[in-house]
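Student: here is a sequence together with a model predicted from it:
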Amino acid sequence: MEKRNLANLRNIGIAAHIDAGKTTTTERILFYTGKSFKLGEVHEGTATMDWMEEEQKRGITITAAATTCFWKDYQINIIDTPGHVDFTIEVERSLRVLDGAICVFCGVGGVEAQTETVWRQANKYNVPRICFVNKMDRIGADFVKVFNEIKEKLNKSVIPVQLPVGKEKNFEGVVDLIKMKAIIFTHEEDNTGSTYEECDIPDAMLDDAGIYRELMLEGIADKVDWFMDKYLSESSLSEKEIISAIREGTIKSGLMPVLCGAAFKNKGIQQLLDAVCDYLPSPLEIPPIKGINPKDDSAVEMSPTEDEHFSALAFKIASDKHGDLTFMRIYSGRMESGQRLYNSRTRKKELASRIYSMHADKREQLESASAGDIVAIVGFKDTGTGDTICTENYPVLLEKIEFPETVISMAIEPKTEAEKEKLAFVLARLAKEDPTFKVHTDNETSQLIISGMGELHLEVLKNRMLSEYKVNANVGAPRVSYRETVQREAVIDEKFVKQTGGRGQYARIEIKLEPHVGEEKTVEFEDKIKGGAITRQFIKSVEKGIMDTAKSGVSGGYSLINIKVTLLDGDMHSVDSSEFAFYHAAGIALKRAVEKAKSVLLEPIMLIEITVPDNYLGDVLGDMNSRRAHIVEMTNDGDLRIVKGKIPLAETFGYSSVLRSITQGRGTFTMEPLEYKPAPAKTYSSVA
């Protein structure tokens with residue numbers, strides 16, 4: 001791969017609600033940039049980016065796939081992400097390392113449940129975005145409706161830069177509001193949409209084009225000061241000035257241009273590629289990456305140049321028949337193939353045996369890589385998702401990636417004793433790939449338990465075990481991952497004394513346990529020790545004892561959340577006190593405090609959105625009522641009804657087949673984790 005000008009590099013992701021057309025859009029981008037020579041289709045299982053067997057079988061994206069392509073003078077690194085909430089970690093870790101994103105919206109569905117989740121994730125990492133309203137050729141597609149939905153529900157600063165020409169099956173092009181020209185796609189024999197002509201805007205659209213151009217200019221002026229002055233003082237604005245102002249507003253001020261097209265019909269993709277190059281940032285235009293020096297905890301800033309010290313974030317581990325691939329975003333400096341690097345979390349050296357530029361499951365070997373590149377490395381042994389890779393003489397720790405808590409579990413066991421070791425190896429490998437897939441042994445039953453983000457998540461992983469790794473295993477029914485909390489406070493004074501001859505063990509602590517008020521949090525620990533009654537070293541042991549005990553559970557074995565533990569007082573012995581003693585004292589004190597405060601079982605509540613034809617609404621609502629669901633909102637979309645509500649996860653197992661049965665296959669639903677709420681008494685008795 002030839003070395004490029006960093007200003008002409010774009011690291012982008014394509015993200016959206018499931019079935020909005022992300023993968024189809026990516027396939028068209030690859031075709032027009034010459035990366036692939038045949039249009040891949042999701043429904044035929046031939047999409048380049050959906051290369052896994054499970055993806056081709058289900059027609060959905062499961063794992064984020066990376067590729068590199070070239071458009072005009074620009075290099076574009078693309079990550080196509082899943083839309084299903086069960087694979088939300090793939091979106092999270094991709095957005096963490098990207099400089100910009102294309103958010104794809106269905107021209108019919110508009111802003112859907114998972115769109116909002118993706119949007120929140122992008123906001124968290126301040127990722128500049130452009131919006132692409134897809135499927136404009138579908139019956140019921142309405143650009144203005146979707147544009148207004150984005151404006152009302154997601155971002156007030158969206159601006160239209162295109163309008164569709166024609167509607168539904170008559171969709172034939174777009175109006176460019178910057179040039180004030182119509183772009184009409186011609187119907188050639190191969191139907192690739194690669195040819196189009198620029199012409200005058202149809203007379204019937206001139207008024208609308210004028211109104212929306214004014215809306216666009218006002219939106220830009222609202223975010224870009226120098227453009228506001230020009231907009232108010234000059235009668236005409238050049239194309240160059242408008243594009244420059246949109247770019248500045250998108251990168252610095254949260255402005256979001258909205259384009260439209262029909263990826264499946266190959267319309268609007270070249271214009272989308274132009275917008276990526278024109279409006280989304282290069283690695284030079286994002287703020288320098290911030291980290292800390294692990295030696296002294298001082299703040300460090302790394303600029304995106306080859307001359308800077310090396311820093312990179314490992315954002316994904318993928319198992320491969322040739323060995324584990326570690327996907328990295330390089331933020332600064334340069335690395336060579338065969339170079340020894342340093343993992344600042346594990347404090348171990350890692351050998352970058354080979355460097356690859358990835359194209360889905362295909363690869364191209366590189367001799368070196370530098371700031372701005374997204375590459376895959378073969379040779380790392382102890383690197384996990386979220387680890388920082390740097391050089392040993394200039395270590396840095398970048399901000400880690402946060403992973404959501406698992407919500408569903410099931411037991412798994414090998415069919416034969418001979419498969420036991422193979423199963424353990426495969427589960428460890430899958431858990432390394434996917435940080436939202438957890439494996440542990442139940443202390444009471446000694447069963448092996450796997451946990452994940454939803455039924456589909458565990459189903460896909462189970463099928464991968466069978467098909468990819470050929471492991472024969474029995475899998476139990478899904479189980480909900482409950483949590484515990486307290487609703488009143490308790491104060492406990494605990495003494496840990498152990499005399500075994502010679503040096504003993506001594507620790508005394510006084511803690512206060514109370515409910516944590518505010519946003520959902522696992523455990524908050526506060527130290528109120530005065531006068532050095534316990535040294536800093538022992539206070540850390542108390543905190544670790546509290547955290548570990550809360551994680552493993554107290555009464556029902558479920559993790560404790562939404563609690564605050566305050567260390568009020570304590571006592572230590574000059575000889576017998578140890579970290580071990582304070583760690584155990586903390587664990588015992590927390591258990592006693594939870595028993596005194598009476599724990600409450602919490603169950604995960606999901607946000608559900610169901611789309612059904614009007615005539616099935618009554619049956620669906622009746623079924624939802626029987627599942628302890630709480631309906632929040634109902635809206636109309638033509639002859640469809642969209643029902644939004646909250647439902648306990650325990651009541652959703654197998655719901656997809658029930659909904660299909662009730663609606664004769666015409667109903668669809670999406671879910672995402674929302675919160676934990678106290679479970680009813682009957683649930684407590686059944687899981688205790």
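Tutor: The structure has been received and is ready for your questions.

Student: what sits against residue 676?
Tutor: Taking CB atoms under 8 Å, 6 or more residues apart in numbering, we find residue 676 in contact with 483, 485, 520, 561, 562, 602, 603, 604, 605. All C-beta spots, glycine's among them, are computed from the backbone N, C-alpha and C.

Student: typo on my end, it should be residue 314
Tutor: 326, 327, 328, 380, 383, 384, 385, 386, 387, 388, 389 are the contacts of residue 314 under CB under 8 Å, 6+ apart.

Student: neighbour-wise, which one of those leads?
Tutor: Neighbour counts for the contacts of residue 314, by other CB atoms under 10 Å, peak at residue 328, which reaches 27 neighbours.

Student: hang on, that residue in a strand?
Tutor: Yes: per DSSP: H, G, I helix; E, B strand; the rest coil, residue 328 lies within a strand segment.

Student: for it, list each beta-bridge partner.
Tutor: residue 314, residue 375 (DSSP bridges).

Student: gap between it and residue 283?
Tutor: Using CB to CB, to the nearest Å, residue 328 is found at 14 Å from residue 283.

Student: and for residue 247?
Tutor: 15 Å.

Student: ok, residue 471 next?
Tutor: For residue 471 relative to residue 283 (CB to CB), the value is 41 Å.

Student: quick one, helices of the stretch 301-450 of the chain?
Tutor: Counting by DSSP state H, counting those that start in this stretch, residue ranges of the helices within the stretch 301-450 of the chain are 420-433.

Student: ok, the stretch 101-250 of the chain next?
Tutor: Under DSSP H, counting those that start in this stretch, the stretch 101-250 of the chain gives helices at 113-124, 143-153, 206-223, 225-233, 239-252.

Student: returning to what we had before: I'd like the contacts of residue 314 laid out as CSV, including distance to residue 421.
Tutor: What follows is these, written out as CSV (distance: CB to CB, whole Å):
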residue, distance to residue 421
326, 25
327, 28
328, 31
380, 24
383, 24
384, 22
385, 25
386, 28
387, 27
388, 33
389, 31
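
Student: mind listing which of these are in strands?
Tutor: 326, 327, 328, 388, 389 (DSSP state E).

Student: what's the closest non-adjacent residue to the last one?
Tutor: Right, the one you point to is residue 389. residue 312 (4.5 Å; CB to CB, 6 or more residues apart in numbering).

Student: I'd say residue 401 and residue 386 touch.
Tutor: Yes: look at residue 401 against residue 386 with CB atoms under 8 Å: they come within range, at 4.2 Å.

Student: overlap of the contact sets of the two?
Tutor: 93, 313, 315, 435.

Student: enumerate every residue touching the residue lying closest to residue 355 once chain neighbours are set aside.
Tutor: Distances taken as CB to CB, 6+ apart place residue 366 nearest to residue 355, at 4.5 Å, with adjacent residues excluded. Shown in contact with residue 366 (CB under 8 Å, 6+ apart): 1, 337, 355, 356, 357, 375.

Student: hang on, the earlier thing: per-residue pLDDT, the residue nearest to residue 389?
Tutor: In this model, residue 312 is scored at 94, pLDDT.

Student: neighbours around it, how many?
Tutor: Around residue 312 there are 30 residues (other CB under 10 Å).

Student: quick one: contacts for it?
Tutor: Taking CB under 8 Å, 6+ apart as the test, what residue 312 contacts is 328, 329, 330, 331, 335, 388, 389, 390.

Student: need the residues you listed in a markdown table (columns: distance to residue 406).
Tutor: As requested, those are exported to a markdown table (distance: CB to CB, whole Å):
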| residue | distance to residue 406 |
| --- | --- |
| 328 | 26 |
| 329 | 26 |
| 330 | 31 |
| 331 | 30 |
| 335 | 34 |
| 388 | 25 |
| 389 | 27 |
| 390 | 30 |
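
Student: so which of those residues is the closest to residue 266?
Tutor: Using CB to CB, residue 329 is the member of the contacts of residue 312 that sits closest to residue 266, with 30.8 Å.

Student: from residue 404, how far off is the closest residue to the closest one other than its chain neighbours?
Tutor: The shortest distance from residue 329 to any non-neighbouring residue, by CB to CB, 6+ apart, is to residue 97 (3.6 Å). Residue 97 sits at a distance of 18 Å from residue 404 (criterion: CB to CB).

Student: would you agree residue 268 is in contact with residue 262?
Tutor: Yes: judged on CB under 8 Å, residue 268 makes contact with residue 262 at a distance of 6.6 Å.

Student: the two: which is more packed in?
Tutor: Neighbours were counted for residue 268 and for residue 262 using other CB under 10 Å; residue 268 has more, 29 against 25.

Student: pLDDT score assigned to the more buried one?
Tutor: Value for residue 268, per-residue pLDDT: 89.

Student: and residue 131, by the same measure?
Tutor: pLDDT at residue 131 comes out at 94.

Student: check residue 188 too.
Tutor: 54.

Student: quick one, what contacts residue 627?
Tutor: 647, 648, 651, 652, 655.

Student: 7 Å - rerun?
Tutor: 647, 651 (CB atoms under 7 Å, 6 or more residues apart in numbering).

Student: kindly report the same for the one 4 residues further on.
Tutor: Listed by CB under 7 Å, 6+ apart, the contact partners of residue 631 are 624, 643, 645.

Student: inside helices: which ones of these?
Tutor: Using DSSP state H, the members of the contacts of residue 631 that fall in helices are residue 624.

Student: out of the contacts of residue 631, the closest to residue 451 would be?
Tutor: Using CB to CB, those come closest to residue 451 at residue 645, 25.0 Å.

Student: helix/strand/coil for the closest residue in space to the closest one that isn't next to it in sequence?
Tutor: Spatial nearest neighbour of residue 645, chain neighbours left out: residue 631 (4.4 Å); criterion: CB to CB, 6+ apart. When classified by three-state DSSP, residue 631 comes out as strand.

Student: look up how far residue 536 lies from residue 631.
Tutor: In terms of CB to CB, residue 631 sits 52 Å off from residue 536.

Student: so who does the residue nearest in space to the middle of the chain touch?
Tutor: Centroid-nearest residue in the chain: residue 92, 2.1 Å away (criterion: CA atoms, centre = their mean). If a contact means CB under 7 Å, 6+ apart, then residue 92 has 121, 401 as its contacts.

Student: quick one: secondary structure of it?
Tutor: Assigned by three-state DSSP, the conformation of residue 92 is helix.

Student: distance of it relative to residue 155?
Tutor: 20 Å.

Student: next: residue 325.
Tutor: Counting by CB to CB, the gap from residue 325 to residue 155 is 35 Å.

Student: cool, residue 206 as well?
Tutor: In terms of CB to CB, residue 206 sits 28 Å off from residue 155.

Student: and these two? which has more neighbours close in?
Tutor: residue 155 (17 against 13).

Student: correct me, but the more buried one touches residue 256?
Tutor: Yes: under the criterion of CB atoms under 7 Å, residue 155 makes contact with residue 256 at 5.6 Å.

Student: now do the same end-to-end measure for stretch 380-388.
Tutor: 12 Å (CA to CA, to the nearest Å).

Student: for it, the distance to its chain's centre please.
Tutor: 18 Å (CA atoms, centre = their mean, to the nearest Å).

Student: quick one: mean pLDDT over it.
Tutor: Rounded mean pLDDT across stretch 380-388 is 88.

Student: got the contact list for it?
Tutor: Taking CB under 7 Å, 6+ apart as the rule, stretch 380-388 contacts 93, 291, 311, 313-317, 324, 326, 343-346, 348, 350, 389, 396-398, 400-401, 432, 435.

Student: excluding chain neighbours, give the residue nearest to residue 273 in space.
Tutor: Nearest residue to residue 273 in three dimensions, chain neighbours excluded: residue 71, at 4.7 Å (CB to CB, 6+ apart).
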